[in-house]
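S.K.: Model the following, please.
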Amino acid sequence: MDILPPEFVALFLAAFLAGAVDAVVGGGGLIQIPALFAVYPGESAARLFGTNKCASVVGTANACWRYARQVEMPWRTILPAAVCAFLFSYAGAAAVAWLPKESIRPLILVLLIFAAGYTLMRKDFGSLHQPAHAGGRELVFASLLGAMIGFYDGFFGPGTGSFLIFLFIRFFGFDFLHASASAKVVNVATNIAALLYFVPNGHVLPLLAVAMALANVTGSLAGTWLALRHGSAFIRWVFLAVVSVLIVKFARDTLHGWF
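M.R.: The predicted structure follows:
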C-alpha cells in the first residue's frame, strides 16, 4: 500500500501523541483511530482497528515496563484484574452480536460525567496512595474490576483507560500515579486479547502497524517521563482533560443517534 509522505508524517505524529496520552491516562485511541480513518477512508474498519491495536499495545507495554521500574506496583490487585480482563474481553466482543452498542452510549456518557464531577469536587481524590483491600477481599474486587472492564473493552472500548484509573482510585485507594501504572497492565491484557482476533484474521496493515508502533513507543516514553516527573497532580489534570473530551464525543454521538 502506497503512503504519501504527508500522510505518513500525519500518522506518525498522531501515533506519537496517542502514545504520550495513553502513557499518562489512556485515551490515545481518540487521536490514533480518527487519524487512521482520515488517511485511509476506503480501508476496512477491522484492519484499521487491528492496526491501531498493534501500535497501541507496544506503546502501552513500554509504559507499563517503565512504570514498573519506578513505581511499587500492587501486583496482587493488578494480576487478577488483568487475567479477568483478558478473558472477559472475549465475552464483550461476542455480546456485540446481540446487544446494540447504541443502547449503552447514554449510560457511558452519564458515567463519564459522574467520574469528572466526582474528581473535581473531591480535591484530594487520588492524591494519596492508601490501598483499601487485602487478602481474599482484594482478589475478589480485583477480579470483578477486571471482568467488568474487560467486557466493556471487548464490547465498546472508548474510555477504558480513564474508567480503569477512576475505579482503581475510588475502590482500591490508589493515587493517580499508581492507578495509571496499574491501568497499563490491564490495558496490555485487553489489547493482546483483541490482537488474538485481529492478527489471525488478517485485520492488520503490517508495515503501517510497525511504523506507528515505533512512533507510539516514542510518545509513551515522553508521556511516562512526564507522569513520573510531575506525579499524581499532573495525571489528575490530564485525566480530567481526556474525560472532558470523551464526554463531548459521547454527547455528540448520543445526540446524533437520537436525531
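
S.K.: Skipping adjacent residues, who's closest to residue 53 in space?
M.R.: Excluding its sequence neighbours, the residue lying closest to residue 53 (Cβ to Cβ, 6 or more residues apart in numbering) is residue 194, at 5.0 Å. For every residue, glycine as well, the C-beta is placed using N, CA and C.

S.K.: wait, what's in contact with that neighbour?
M.R.: The contact partners of residue 194, taken as Cβ atoms under 8 Å, 6 or more residues apart in numbering, are 50, 53, 89, 93, 153, 154.

S.K.: How about residue 122?
M.R.: Residues near residue 122 by Cβ under 8 Å, 6+ apart: none.

S.K.: I'd say residue 253 and residue 106 touch.
M.R.: No: Residue 253 is beyond contact range of residue 106, at 9.9 Å (criterion: Cβ atoms under 8 Å).

S.K.: Could I get the full set of helices for the stretch 51-200 of the chain?
M.R.: 75-95, 105-121, 135-155, 160-172, 176-198 (DSSP state H, counting those that start in this stretch).

S.K.: pLDDT wise, what is the residue nearest to residue 53 at?
M.R.: For residue 194, the pLDDT comes out at 87.

S.K.: What are the phi and psi values at residue 199?
M.R.: With angles defined as degrees, to the nearest 10, residue 199 sits at phi -70, psi -50.

S.K.: Measure how buried it is and give me the count.
M.R.: Using other Cβ atoms under 10 Å, the number of residues around residue 199 comes to 15.

S.K.: Isn't it up against residue 47?
M.R.: No: if you go by Cβ under 8 Å, residue 199 and residue 47 don't touch, sitting 11.0 Å apart.

S.K.: Pull up the overlap in contacts between those two.
M.R.: Common neighbours of residue 199 and residue 47 are not found (criterion: Cβ under 8 Å, 6+ apart).

S.K.: Next one, pLDDT for the residue nearest the centre of the chain please.
M.R.: Of all residues in the chain, the one closest to the mean position by Cα atoms, centre = their mean is residue 161, 3.4 Å from it. On the pLDDT scale, residue 161 is placed at 88.

S.K.: Low-confidence stretches in the stretch 51-200 of the chain?
M.R.: Filtered on pLDDT under 70, the stretch 51-200 of the chain yields the residue ranges 96-97, 99-101.

S.K.: how much space is there between the nearest residue to residue 58 once chain neighbours are set aside and residue 56?
M.R.: Once flanking residues are discounted, residue 58 sits nearest to residue 213: 4.1 Å by Cβ to Cβ, 6+ apart. From residue 213 across to residue 56, the span is 8 Å (Cβ to Cβ, to the nearest Å).

S.K.: Cheers, nothing more for now.
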